[in-house]
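**Q** Sharing a model prediction with you, sequence too.
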Amino acid sequence: MVQALEEILAKSSRIVFFGGAGVSTESGIPDFRSVDGLYHQKYDYPPETILSHTFWEQNPEEFYRFYRDKLIVKGAKPNAAHLRLAKLEKQGKADSYVFGFEESYGYLTGSYVRDKDGVDGAYMICEMFSYYATKGISLLDKLDELYKTYGYCLNTLHSYEFDGSAGFAKMQSIMQAFRGNIKAFGGKKVVKLLDYAYGLDGLPKSEVLKFLLEDNCSIVVRPSGTEPKIKTYFTTLGKDLAEAQAQKDALAAAIEPILA
């Protein structure tokens, strides 16, 4: 499988890298959202507050104490993912890197920025605005054009939290329940269930289930890798937002009993 991936990368002129907190944690850099992450530790102020500009202005000593203690990780070194990306760059693949993102907020275009963030996303929006303005088209006009051509595709994430050891056991039970030969969700038939527990289509083992439904809809269910949560991803397609939203609401309601 590794050799096949090497051959694909060698031939590719457009590469998209999907990364997340797992890339950093491999270098010994703690994440924020896991059970023992910064958001779950006890401080005089929540980390979200400490990292704000207002807190920095009003409490600089506390801000920099937190910064030095928690955000400077001595000894952190590039891991295999970083080294592989650097190798691709040296091979002249930097210009073929198109786009990378992380679901919560991070975007990254090109190789001139070393980590994904919201600033790069804002820059891309400004660039799109400038380009379409020269053609007399607004971003909303272009978005409406895409909807008319392809339909309204709605992607929605719902998270369900299960704390403690009992919560972990509950999540395992829920994942097994989803494997219980379910025929339909919210009136939409299950066309196919993809279970990645033993690896699938060349991808490694992962506790992920993907239900392919009729009408180009789908549901993905997985436990979070960094938080005590089960995450569900809904994809629905309608002629407009209202129709896609209604389909999503029906699917979300259909899985609630399994998650109860």
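**A** Received the coordinates, thanks.
**Q** Every contact and neighbour count from this point should use C-alpha atoms.
**A** OK.
**Q** mind checking the longest helix of the chain?
**A** What stands out as the longest helix in the chain, according to DSSP state H, is helix 241-259.
**Q** List the buried residues of that helix.
**A** Across helix 241-259, burial judged by 16 or more other CA atoms under 10 Å covers 241, 243-245, 247-248, 251-252.
**Q** ok, Pro60 - how many residues close by?
**A** Look at Pro60: counted by other CA atoms under 10 Å, it has 14 neighbours.
**Q** residue contacts, it?
**A** Pro60 makes no contacts at all, as judged by CA atoms under 8 Å, 6 or more residues apart in numbering.
**Q** any idea how far Cys217 is from it?
**A** Taking CA to CA, to the nearest Å as the measure, Pro60 falls 49 Å from Cys217.
**Q** Run through who's touching stretch 209-226.
**A** So stretch 209-226 is contacted by 31, 33-35, 171, 175, 184, 188-196, 207-208, 229-237 (CA under 8 Å, 6+ apart).
**Q** Buried members of those into ChimeraX, please.
**A** To isolate the buried members of the contacts of stretch 209-226 in ChimeraX, using 16+ other CA under 10 Å:
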select :31,34,35,171,175,188,189,190,193,195,196,207,208,229,230,231,232,233,234,235,236,237
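**Q** Next step: the contacts of stretch 209-226 restricted to strands.
**A** Among these, the ones falling in strands (DSSP state E) are 184, 188-195, 229-237.
**Q** for Tyr152, what are its contacts?
**A** So Tyr152 contacts 237-241, 244 (CA under 8 Å, 6+ apart).
**Q** Packing partners of the longest helix of the chain?
**A** Judged by 3 or more CA pairs under 8 Å, 6 or more residues apart in numbering; DSSP states H and E, the packing partners of helix 241-259 are strand 152-161, helix 164-178, strand 184-185, strand 229-238.
**Q** Minimum distance to Ser130: which of the ones you listed has it?
**A** strand 152-161 (24.4 Å; CA to CA).
**Q** between that closest one and helix 164-178, how many degrees?
**A** Relative orientation of strand 152-161 versus helix 164-178 (axes from the mean of the first three to the mean of the last three CA atoms, to 10 degrees): 140 degrees.
**Q** partners of strand 152-161, with directions?
**A** Looking at strand 152-161 with DSSP bridges, its partner strands are strand 229-238 (antiparallel).
**Q** pLDDT below threshold where in the chain?
**A** Residues of the chain meeting the criterion pLDDT under 70: 1, 19-20, 32-37, 39-40, 94-98, 102-105, 111-116.
**Q** the helices in it, which residues?
**A** 2-11, 21-25, 47-50, 53-58, 60-66, 80-88, 118-133, 139-150, 164-178, 241-259.
**Q** The third one - contacts with which helices or strands?
**A** Right, the one you point to is helix 47-50. helix 60-66.
**Q** The helix it packs on: how far from the chain's middle?
**A** Relative to the centre of its chain, helix 60-66 is centred 30 Å away, using CA atoms, centre = their mean, to the nearest Å.
**Q** All good on my end, thank you.
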